[in-house]
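J.: next input, structure requested:
(chains A and B)
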There are 2 protein chains.
Amino acid sequence: MKEKVLAVLKQKGGYVSGQELSAGLGVSRTAVWKAVNSLKEAGYGIESVRNRGYRLISSPDVLLSDEIKSQLSTKWFGNKILYFDTIDSTNNEIKRQAEKGAPCGTLAIAEFQSAGRGRRGRNWQSPSGSGIWMSFLIKPDISPDKAPMVTLVAAMACAFAIREELGLDAMIKWPNDIVIGGKKTIGILTEMSAEMDTVNYIVIGIGINVNMTEFPEELRRTATSLALECGHQVARSRLVAACGKYFEKYYEIFLRDKSLKNLKKTYESALVNKGADVSVITADGTFNRKALGINDMGELMVEDETGRVETVRAGEVSVRGIYGYV
Amino acid sequence: MKEKVLAVLKQKGGYVSGQELSAGLGVSRTAVWKAVNSLKEAGYGIESVRNRGYRLISSPDVLLSDEIKSQLSTKWFGNKILYFDTIDSTNNEIKRQAEKGAPCGTLAIAEFQSAGRGRRGRNWQSPSGSGIWMSFLIKPDISPDKAPMVTLVAAMACAFAIREELGLDAMIKWPNDIVIGGKKTIGILTEMSAEMDTVNYIVIGIGINVNMTEFPEELRRTATSLALECGHQVARSRLVAACGKYFEKYYEIFLRDKSLKNLKKTYESALVNKGADVSVITADGTFNRKALGINDMGELMVEDETGRVETVRAGEVSVRGIYGYV
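T.: Have a look, this model is predicted:
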């Protein structure tokens, strides 16, 4: 009920009478009054004016599932939301949920991760209250070799969600980091469970530096937060919803032909490496190349000084800018 | 202690005096006597003759970890053995173990699986007491696209273990079924957990029809058991040990260059499809081809009537014999 009242107040924007709320939701005036009180207790600023009704003035920056649900305009993303104050890692939680048969779209979100991970088990700092640490479950009917493309789809979704919500110039560092002003803002860790020929499920973990205003010395040159870049605190639940909306949009296009054919142009429009000189770091050494863009499989196409073009697969190599992080 | 006494009795073959056992194992005569009694209780036939000692006459066909351990001559396969009377599926158990950090080589084996699975979630019958239903854990440092090769390595190991143990003409139906006389005897279900660019772990599930003498009507034409083929009951624990030994051997060769380059010839020597006409069943239709063999990646090379050669990846297609199952 709380969540339904919240959704109506948000949707209408201005005053909504108790009468209208109770009729619209098919419940008693008392039930509405109780829901409003419980929202106030959760930190929402709700004005009550005699003869005019209720008006939502402010939302707390909470990630509770009610708050996220009231923002969502998705078909399946977040159909089940699991909120945690503290958890080992949201990716682990979604894996556990998947093994128990949770549906596609199940979302785990936590204020703090005690064992947050980056790629290949690297440590990932997930300080409490200032980030979005979330993972969600998808079950595409694809072969495992197509799974890396999903991580590029997730990167696109995050970049365009941030552009829409905050007007920031979010760029993708191939394959799936999001950078703003050359500094990392979002990391994505995609994991899958698969048979040899078919994916059982994929967990997409997204870590967004949202409201932190300080970084440890060793990260200051390469990391930033949305708040630092846009100059104000950011409502996290709106951003979660926007990421979900864009993910659904691009993922649907991906699923049609299980390729990035029809997403390539959009991806490249946000690709910070496009046309840039990059260092391709392989097991055999580091080579300087010019990044041209991606192919239909999401591999990076790079050109050497003689004009010879090669493709580079995510994970086989690291790509760095010649003069810095991007 | 039980297991150490058993190992010595098996190794020596003939009579072993209590004195020799207690000295060799560094324990009291009483401890030896207790271990022998407990082995007898578990179904082992052990003869005790005054002044000569103990002699192992017969072993029960049990899969208890002690029995398997006494047979193993492996480096890491089965370093941890989990035995279950009944379990949902040994693959699921090894996945749970892996998430808890179990070491490479951890083996789960069950007398009965209540939710045994074949590929793509197909039902797999695992009747109690007459089969080997086992799964084990490996953690190769490879990218996910190389994982399908491991399933071919497992198939080779099973085929050559059966050849050595039972002298049966076990053949591989590409990619990883084992057939004897054209009928399926072993199914393998390989599953992995992976990041986009690196495998976290692989679970290899092996189901062997060992001692069943009857199959349901609908399977009679396509399935058989080792007992039916060799005309006598088969000791399962020896076979588990033999599969482990061969797996370690071939897997080590695979890991050297993460390819099947140096295993291809051996694999093909047991490949029932080699040189045979096969139906290649794809999403677009069914085509008759001649199977030539495998390439270094384990893909099947097939030739059409014009001599054009294509490669076929596991999972993309099913391969059937023109005239039947193989």
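
J.: the longest helix in chain A is where?
T.: helix A:236-257 (DSSP state H).

J.: beyond it, next helix or strand please.
T.: Counting by DSSP states H and E, the next helix or strand C-terminal to helix A:236-257 is helix A:264-269.

J.: tell me, how many residues neighbour A:Val153?
T.: A:Val153 has 25 neighbouring residues, counting by other CB atoms under 10 Å in any protein chain shown. Heads up, the C-betas are built off the backbone N, CA and C, glycines and all.

J.: run through the residues that contact it.
T.: Shown in contact with A:Val153 (CB atoms under 8 Å, 6 or more residues apart in numbering or on different chains): A:247, A:250-251, A:254, A:260, A:263.

J.: what two of these are the furthest from one another?
T.: Largest separation among the contacts of A:Val153 by CB to CB: A:Phe247 and A:Leu260, giving 14.2 Å.

J.: could you pull out the buried residues of the one helix or strand A:Met156 maps to?
T.: For A:Met156, the host element (DSSP H and E) is helix A:148-166. Buried positions in helix A:148-166, judged by neighbour count with 16 or more other CB atoms under 10 Å in any protein chain shown: A:148-163, A:165-166.

J.: what's the answer for stretch A:272-279, then?
T.: A:272-274, A:276, A:278.

J.: redo those as JSON lines? Include pLDDT, distance to A:Val16 and secondary structure.
T.: Output for the buried residues of stretch A:272-279, formatted as JSON lines (pLDDT from 0 to 100; distance: CB to CB, whole Å; DSSP: H, G, I helix; E, B strand; the rest coil):
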{"residue": "A:Val272", "pLDDT": "93", "distance to A:Val16": "44", "secondary structure": "coil"}
{"residue": "A:Asn273", "pLDDT": "92", "distance to A:Val16": "48", "secondary structure": "coil"}
{"residue": "A:Lys274", "pLDDT": "93", "distance to A:Val16": "47", "secondary structure": "coil"}
{"residue": "A:Ala276", "pLDDT": "90", "distance to A:Val16": "51", "secondary structure": "coil"}
{"residue": "A:Val278", "pLDDT": "88", "distance to A:Val16": "53", "secondary structure": "strand"}
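
J.: what parts of the stretch 51-200 of chain A come near chain B?
T.: Applying CB under 8 Å from any CB of the partner chain, we find that the stretch 51-200 of chain A lies next to chain B at A:92, A:95-96, A:99, A:119-120, A:143-145, A:147-148, A:151, A:175, A:189-198, A:200.

J.: the residues you listed in helices, which ones?
T.: Using DSSP H, these in helices are A:92, A:95-96, A:99, A:148, A:151.

J.: using pLDDT, spot the least trustworthy of those.
T.: The pLDDT minimum for those sits at A:Glu99, where the score is 89.

J.: number of nearby residues for it?
T.: 15.

J.: please verify my assumption that it contacts B:Lys95.
T.: Yes. The pair A:Glu99 / B:Lys95 is scored as a contact, 7.2 Å apart, by CB atoms under 8 Å.

J.: can you give me the domain boundaries for chain A?
T.: Split into domains by automatic domain parsing, chain A comes to A:2-58, A:65-269, A:277-321.

J.: run the chain-centre distance for the helix holding A:Met156.
T.: Relative to the centre of its chain, helix A:148-166 is centred 7 Å away, using CA atoms, centre = their mean, to the nearest Å.

J.: what's the angle from it to helix A:236-257?
T.: 140 degrees (axes from the mean of the first three to the mean of the last three CA atoms, to 10 degrees).

J.: after helix A:148-166, next one along is what?
T.: strand A:171-173.

J.: tell me the average confidence for that following strand?
T.: In this model, strand A:171-173 has an average pLDDT of 95.

J.: quick one, what contacts A:Met297?
T.: Each residue near A:Met297 by CB under 8 Å, 6+ apart is listed here: A:146, A:148-149, A:259-260, A:311.

J.: let me know the closest of those residues to chain B.
T.: Nearest to chain B among the contacts of A:Met297 is A:Pro148, at 4.5 Å by CB to the nearest CB.

J.: show me what stretch A:97-112 is in contact with.
T.: For stretch A:97-112, the surrounding residues in contact (CB under 8 Å, 6+ apart) are A:63, A:65, A:68, A:74, A:76-87, A:90, A:93-94, A:126-129, A:132-139, A:193, A:200-201, A:203, A:240, A:244, B:92, B:95-96.

J.: next step: these restricted to helices.
T.: Going by DSSP H, the helices hold A:65, A:68, A:90, A:93-94, A:240, A:244, B:92, B:95-96 from these.

J.: pretty sure A:Ala115 contacts A:Asn92?
T.: Yes. With contact defined as CB under 8 Å, A:Ala115 and A:Asn92 form a contacting pair (7.5 Å).

J.: ok, these two, which is more surrounded?
T.: A direct count of neighbours by other CB under 10 Å for A:Ala115 and A:Asn92 places A:Asn92 higher, at 20 against 12.

J.: hang on, the earlier thing: would you reformat the ones in helices among the residues of the stretch 51-200 of chain A next to chain B as TSV and include distance to B:Ala108?
T.: Shown next, in TSV, are those (distance: CB to CB, whole Å):
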residue	distance to B:Ala108
A:Asn92	21
A:Lys95	19
A:Arg96	19
A:Glu99	15
A:Pro148	30
A:Thr151	31
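
J.: output the below-cut-off pLDDT ranges for the stretch 101-250 of chain A.
T.: A:119-126, A:128-129 (pLDDT under 70).

J.: now the strands for it?
T.: Under the criterion DSSP state E, counting those that start in this stretch, strands of the stretch 101-250 of chain A are mapped to A:107-113, A:131-138, A:171-173, A:177-180, A:183-195, A:199-209.

J.: what sits up against the helix or strand hosting A:Ala35?
T.: If you go by DSSP H and E, A:Ala35 is part of helix A:29-41. Residues outside helix A:29-41 that contact it (CB under 8 Å, 6+ apart) are A:1-2, A:4-6, A:18-19, A:21-22, A:25, A:46, A:48, A:54.

J.: try it again with 6 Å
T.: Residues outside helix A:29-41 that contact it (CB atoms under 6 Å, 6 or more residues apart in numbering or on different chains): A:1-2, A:5-6, A:18, A:21-22, A:46, A:54.

J.: okay, and which of these map to strands?
T.: Cross-referencing the contacts of helix A:29-41 against strands under DSSP state E gives A:46, A:54.

J.: show the buried residues in the contacts of helix A:29-41.
T.: Buried subset of those (neighbour count, 16+ other CB under 10 Å): A:2, A:5-6, A:18, A:21-22, A:46, A:54.

J.: so who does the closest residue to A:Asp66 other than its chain neighbours touch?
T.: Once flanking residues are discounted, A:Asp66 sits nearest to A:Glu3: 4.2 Å by CB to CB, 6 or more residues apart in numbering or on different chains. A:Glu3 makes contact with A:66, A:69-70, according to CB under 6 Å, 6+ apart.

J.: out of those residues, who's the most crowded?
T.: A:Ser70 leads those on contacts (other CB under 10 Å) with 23 neighbours.

J.: that one touches A:Val8, doesn't it?
T.: No. Using CB atoms under 6 Å as the test, A:Ser70 is too far from A:Val8 to be in contact (9.2 Å).

J.: A:Tyr83 and chain B, how far apart?
T.: Look at A:Tyr83 and chain B: by CB to the nearest CB, to the nearest Å, they are 22 Å apart.

J.: and if you look at A:Gly13?
T.: Distance from A:Gly13 to chain B, by CB to the nearest CB: 42 Å.
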